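Colleague: structural data only, the sequence is not supplied:
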C-alpha cells in the first residue's frame, strides 16, 4: 500500500526513539515478535512503511541538521538502540511561541532562522500523518501547528497533554475536513499511568474501597526539567489524574489522590522512576495497602505505541474517516474524548483495524 509519510514536531527524545525504532525493525518476517506493538502489520502497513519526510524544531543545535544526526544531539539523552542512516531530511525551523520553558532555556537556544512555511512543507512532501512531540505546556505552539496541519490536510497524533482531540471545537474542524486525529497525551507501553489504571481497576473489580493513592514520578530528561515550572504542569496533572480516576466507580476526594511529576534528577537521563501507593479497605473495613516502584527508559516506552497510532491514523485517512478516532484514542492516549477500561479499548482498536467500527 506504499509508505506512510510522517512529519515530526519537536525532535526530542521521543522523536529519537521513534526514528530509531523505524530503522531497527526493518524487513521483519510477518510472524516476528516485536515488543511494544499490537501487530507487525496493521491494515497491510508494516513498521518499515513509516517514512519520516519532515521535522520541525527551534533548537539552534538541531535546526539544519539531518534528522539522523539531530535525534542524537544534546539535550537529547535517551537510549541509543539503533543506527540511523542519513535520511536527507533536514530539521526545519519551527514556531516557538510557548515551546521553551524557563527551566530549559539555558539548554535550548532559539535558532536565529525565521520560522519556515510549515503548511507548505507538509503539502510539498505529501505528509500523511503529523506527530506532535512539543514540550508539556506548549499550548499556543500546539494550536498554531494544528492550524498548519488542518491547512495541509494531514492526519494528526497529539502525544502531549494540550487538549485537542477531546475538545469539540478542534474535533469538529478535523471532522469537517475528513481528517483523523488521535489524542490526547500518549500512554506508554508499560508506564506509570497504565500501571496505576490497571491497579485501580483491579481494586474496584475486587470490591476494595480506595481511600488514598498517589503516583510520584521523576526523571532526568528535559520533560521533567520543563515540568518544574508548575504553570506548564496543569494540563499534565489533569490528564494523568483523569486517566486513573476514570477507572474508579465512585468519585474520590481530590485531596486523596495525587498524581504528577515530582522532580528532575539529571543523572537519571531519560530514565523515569515512578512510585505508586494505594490505600483502601477490604471486608470488615480491614486496611490494605500496595506500593509499586517502576523504572523505565521513558521515550522508548512510548515509541511502539506511536508506531501503532501512526498506522491507525493512516488507515482512517485511507477510509475517509475524519475527526477523533475513538478506539485508538482510548487505547493509546491518557485523555481521549471517551474513557474505557484498557481491555475494552484494545477490543475497539482491533475492531477498527478489522474495519468493523
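Modeller: Good, I have the coordinates. Predicted model only: the values in this text are computed from it and were never measured.

Colleague: which residue ranges form the strands in the stretch 251-357 of the chain?
Modeller: 257-264, 271-281, 287-297, 323-324 (DSSP state E, counting those that start in this stretch).

Colleague: just the ones you listed: most buried one?
Modeller: The highest mean neighbour count among these, using mean count of other C-beta atoms under 10 Å, belongs to strand 323-324: a mean of 25. Every C-beta, even on glycine, is put in place using the N, C-alpha and C of the backbone.

Colleague: pLDDT weak spots in this structure?
Modeller: Applying pLDDT under 70 to the chain flags residues 1, 357.

Colleague: how about the strands in it?
Modeller: 4-9, 41-42, 45-46, 50-57, 91-93, 129-132, 155-158, 180-182, 209-219, 257-264, 271-281, 287-297, 323-324 (DSSP state E).

Colleague: want to throw those into a markdown table with distance to residue 242?
Modeller: Output for the strands of the chain, formatted as a markdown table (distance: least, C-beta to C-beta, whole Å):
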| stretch | distance to residue 242 |
| --- | --- |
| strand 4-9 | 24 |
| strand 41-42 | 27 |
| strand 45-46 | 31 |
| strand 50-57 | 29 |
| strand 91-93 | 33 |
| strand 129-132 | 19 |
| strand 155-158 | 15 |
| strand 180-182 | 17 |
| strand 209-219 | 13 |
| strand 257-264 | 9 |
| strand 271-281 | 16 |
| strand 287-297 | 20 |
| strand 323-324 | 16 |
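
Colleague: which one of these lies closest to residue 347?
Modeller: strand 41-42 (15.2 Å; C-beta to C-beta).

Colleague: what distance separates stretch 310-327 from the centre of its chain?
Modeller: 17 Å (C-alpha atoms, centre = their mean, to the nearest Å).

Colleague: give the buried residues for it.
Modeller: For stretch 310-327, the neighbour count (16 or more other C-beta atoms under 10 Å) marks 310-317, 321-327 as buried.

Colleague: for stretch 324-342, same thing?
Modeller: Result for stretch 324-342 [16+ other C-beta under 10 Å]: buried residues 324-337, 339-342.

Colleague: among these, name the ones in helices.
Modeller: In this view, the buried residues of stretch 324-342 that belong to helices under DSSP state H are 326, 327, 328, 329, 330, 331, 332, 342.

Colleague: for these, which one is nearest residue 293?
Modeller: residue 342 (21.1 Å).

Colleague: pretty sure that closest one contacts residue 195?
Modeller: No: at 10.8 Å, residue 342 does not count as touching residue 195 under the criterion of C-beta atoms under 8 Å.

Colleague: returning to what we had before: what about the strands of the chain, which gets the closest to residue 172?
Modeller: With C-beta to C-beta as the yardstick, what comes closest out of those is strand 323-324 (7.4 Å).

Colleague: helices and strands around that closest one, which ones?
Modeller: When contacts are defined as 3 or more C-beta pairs under 8 Å, 6 or more residues apart in numbering; DSSP states H and E, strand 323-324 packs onto helix 168-176, strand 180-182.

Colleague: contacts for the first one, please.
Modeller: Residues from elsewhere that reach helix 168-176 (C-beta atoms under 8 Å, 6 or more residues apart in numbering): 146, 150, 156, 164, 165, 180, 181, 322, 323, 324, 337.

Colleague: which two of those residues have the greatest separation?
Modeller: 150 and 337 (17.9 Å).

Colleague: the longest helix belonging to the chain: how far from the chain's middle?
Modeller: If you go by DSSP H, the chain has its longest helix at helix 300-318. Chain-centre distance of helix 300-318: 10 Å, with C-alpha atoms, centre = their mean.

Colleague: what do you get for stretch 333-340?
Modeller: 13 Å.

Colleague: cool, and stretch 5-24?
Modeller: On C-alpha atoms, centre = their mean, the centre of stretch 5-24 falls 12 Å from that of its chain.

Colleague: report the buried residues of that stretch.
Modeller: 5-24.

Colleague: and it, end to end?
Modeller: 18 Å (C-alpha to C-alpha, to the nearest Å).

Colleague: contact partners for residue 181?
Modeller: 155-158, 164-165, 170-171, 174, 313, 323-325.

Colleague: residues near the nearest residue to residue 7 once chain neighbours are set aside, how many?
Modeller: In space, and not counting its chain neighbours, residue 7 is closest to residue 54: 3.9 Å by C-beta to C-beta, 6 or more residues apart in numbering. Burial measure for residue 54: 23 neighbouring residues, criterion other C-beta atoms under 10 Å.
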